[in-house]
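Student: Here is a sequence together with a model predicted from it:
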Amino acid sequence: MTRAAIYLRQSLDSKDDRLAISRQDKECQALCERRGWTVVSTFTDNDVSATRAAQRPQYRAMLQSWEARDFDAIVAWDLDRLYRKPRDLEDLIDMAEKRGLLLATVGGDADLSTDNGRLFARIKAAVAKGEGERKSARQKASSRQRVAMGKPWWSVAPFGYTKDGTLTQQADLVRSAYDQVLAGVTIAEITHTWNDAGALSPRGKRWIRTSVLAVLKAPRNAGLVTYLGEVARQGNWEPIVSEGTFYAVQGVLADPGRGKGGGARKHLLTGLAECGLCGRKMVSATQGAAKYRYRSYRCPTGHLSCKAEWLEAIVLDAQNAPKERREPGAAPAFRHHVTRPSLELLYGEASTLRERLDGITDSYAAGAIPLQMMTRGAADIERRLAEVQARMVVEVDKGQMTTGGTPWDEMTLDERARHLRSSVDVVVEAIPRYTKRPPTSVKVNVR
């Protein structure tokens, strides 16, 4: 009795309906039935390319199963379902020479035990490799043309857009998420918000933290075209957020002091107050015996601690924010997306620099300037562009705090924390043990 393993693979399953996989399986099962072979296992790599074996977990599992002598033959719809590179074929040939592997396809057998069979398989592998290289060259040329035209191109419509770059209702969730990040809301809380709203990912799945982060880090949301992982130019589709807001959020997400967070903020000064000995951000804690427990802030390495209400009162007094007993509205207020003339000028400057970068690259491609001149000029433009983007972040950060917005008493705890991070630096100095901590041991620098 010949034991057969069926291998099924589909490169792209954009609709996630597995129709091609089902067709392959049906024809492979029929082939095994005609041969009188018993199907003992089926290995399926759906929505996976054959060009990289390392990315085909089921293919690797099949090879391990062969080594364990679980089957005698491999059945596939066609040889190109099994391999696209000569190296992968040589692995199969080694398996055939080692223990007589049978290889059958719906279109015909490949007898790897004979010279002619191996020659046929190698020719087919070489042809497949050539087709793959030509396809890659066409795709790269198409990508370069798309970048030059500033056109959107996505294999799957991204969250917030249709495939042609038109905004969808999901764009409101994306725009709000950028605001929330700038307000100090955690990615975990944004993830909960999207799932509670019934929004699904482009693949039709519930959101997780990493997939939300991927959306927020995508330059397309600011209308920016990327090529080989780098921002190349401004696109011709409508952005969800401004370029300044996008780069401001990237700065927040890249901050090593920003925790992953598991929910809404519970303490005002967590991550703001610093230990005067080691400089690390203090964290919230609960101290004291059961009957006399109180909130506190402490250095994560144990250098010092202080009562939370006491420290918060000192910081708010220094910052001139109103307490509950005071009249509301005395503190600076919080508002999103303030339009600033200087920010608009920075957008224009960034666009001009990208056009100059395109121009110097085109000049080198046309042979008008040497490589050394192109490299030096491109490096200078990229440095200036990075400076402009950094200034955008500063302007957006300033735009978060204006008068005439939300009064302090109407802010959420996240908004209050965001306000304080934008306006004060807090350092708690060490004092001798068993002494009462004086207010002078807290250094509050109001910016």
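Tutor: Alright, I've got the coordinates. Residues are numbered from 1 along each chain as shown.
Student: Where does the prediction get shaky in the stretch 201-350 of the chain?
Tutor: Scanning the stretch 201-350 of the chain with the threshold set as pLDDT under 70 gives 227-234, 255-265, 320-344, 347.
Student: can you pull out the helices in it?
Tutor: Per DSSP state H, counting those that start in this stretch, the stretch 201-350 of the chain carries helices over the ranges 209-216, 243-253, 308-319, 341-365.
Student: Contact partners for the most centrally placed residue in the chain?
Tutor: Nearest to the mean C-alpha position of the chain, counting by Cα atoms, centre = their mean, stands Ala214 at 2.3 Å. By Cβ atoms under 8 Å, 6 or more residues apart in numbering, Ala214 lies in contact with nothing. Every residue, glycine included, has its C-beta placed from N, CA and C.
Student: Please determine how far it is located from Asn221.
Tutor: Counting by Cβ to Cβ, to the nearest Å, the separation of Ala214 from Asn221 is 11 Å.
Student: do the same with Ala290
Tutor: In terms of Cβ to Cβ, Ala290 sits 49 Å off from Asn221.
Student: which SS class is the nearest residue to Ala104 once chain neighbours are set aside?
Tutor: Computed as Cβ to Cβ, 6 or more residues apart in numbering, the closest residue to Ala104 that is not its neighbour in sequence is Val75, at 5.0 Å. The assignment at Val75 comes out as strand when based on DSSP: H, G, I helix; E, B strand; the rest coil.
Student: Between Ala290 and Asn221, tell me which one has more neighbours.
Tutor: Asn221 (26 against 5; other Cβ atoms under 10 Å).
Student: my read: the more buried one touches Glu243, true?
Tutor: No - assessed by Cβ atoms under 8 Å, Asn221 is found out of contact with Glu243, at 9.8 Å.
Student: and the helices of the stretch 201-350 of the chain, which is most packed in?
Tutor: helix 243-253 (a mean of 22; mean count of other Cβ atoms under 10 Å).
Student: circling back to that earlier point, can I get the helices of the stretch 201-350 of the chain in JSON lines with distance to Lys163?
Tutor: Output for the helices of the stretch 201-350 of the chain, formatted as JSON lines (distance: least, Cβ to Cβ, whole Å):
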{"stretch": "helix 209-216", "distance to Lys163": "16"}
{"stretch": "helix 243-253", "distance to Lys163": "21"}
{"stretch": "helix 308-319", "distance to Lys163": "48"}
{"stretch": "helix 341-365", "distance to Lys163": "24"}
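Student: Go through the ones you listed and name the closest to Leu31.
Tutor: Leu31 lies closest to helix 209-216 among these, at 39.4 Å (Cβ to Cβ).
Student: between the closest one and helix 243-253, how big is the angle?
Tutor: 150 degrees (axes from the mean of the first three to the mean of the last three Cα atoms, to 10 degrees).
Student: Alpha carbons of helix 209-216, as CSV, please.
Tutor: The C-alpha trace of helix 209-216 is given here as CSV (Å, rounded to 0.1, in the frame of the first residue of the first chain):
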residue,chain,number,x,y,z
ARG,A,209,-2.2,45.8,19.8
THR,A,210,0.5,45.1,17.2
SER,A,211,-1.9,45.5,14.3
VAL,A,212,-3.2,48.8,15.6
LEU,A,213,0.4,50.0,16.0
ALA,A,214,1.1,49.0,12.3
VAL,A,215,-1.9,51.2,11.2
LEU,A,216,-0.6,54.2,13.2
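Student: Renumber starting at 3 from here on
Tutor: Sure, I'll start counting at 3 from here, so that last one is helix 211-218.
Student: how much distance is there from that helix to the middle of the chain?
Tutor: Here helix 211-218 is found 5 Å from its chain centre; the criterion is Cα atoms, centre = their mean, to the nearest Å.
Student: With stretch 103-110 instead?
Tutor: Distance, centroid of stretch 103-110 to centroid of chain: 41 Å (Cα atoms, centre = their mean).
Student: So what touches it?
Tutor: 4, 6, 29-30, 33, 37, 68, 74-81, 83-84, 94, 97-98, 111-114.
Student: List only buried entries from the residues you listed.
Tutor: Listed as buried from these are 6, 29-30, 33, 68, 74-79, 81, 83-84, 94, 97-98, 112-114; burial here means 16 or more other Cβ atoms under 10 Å.
Student: For the residue nearest to Ala106, name its beta-bridge partners.
Tutor: Ile8, Ala106 (DSSP bridges).
Student: show me what contacts it?
Tutor: Ala6, Ala7, Ile8, Tyr9, Cys30, Leu33, Cys34, Trp39, Val41, Ala106, Thr107.
Student: so which pair among those residues is furthest apart in space?
Tutor: Val41 and Thr107 (15.0 Å).
Student: still on that earlier bit, which one of the contacts of Val77 is nearest to Ala250?
Tutor: Tyr9 (48.6 Å).
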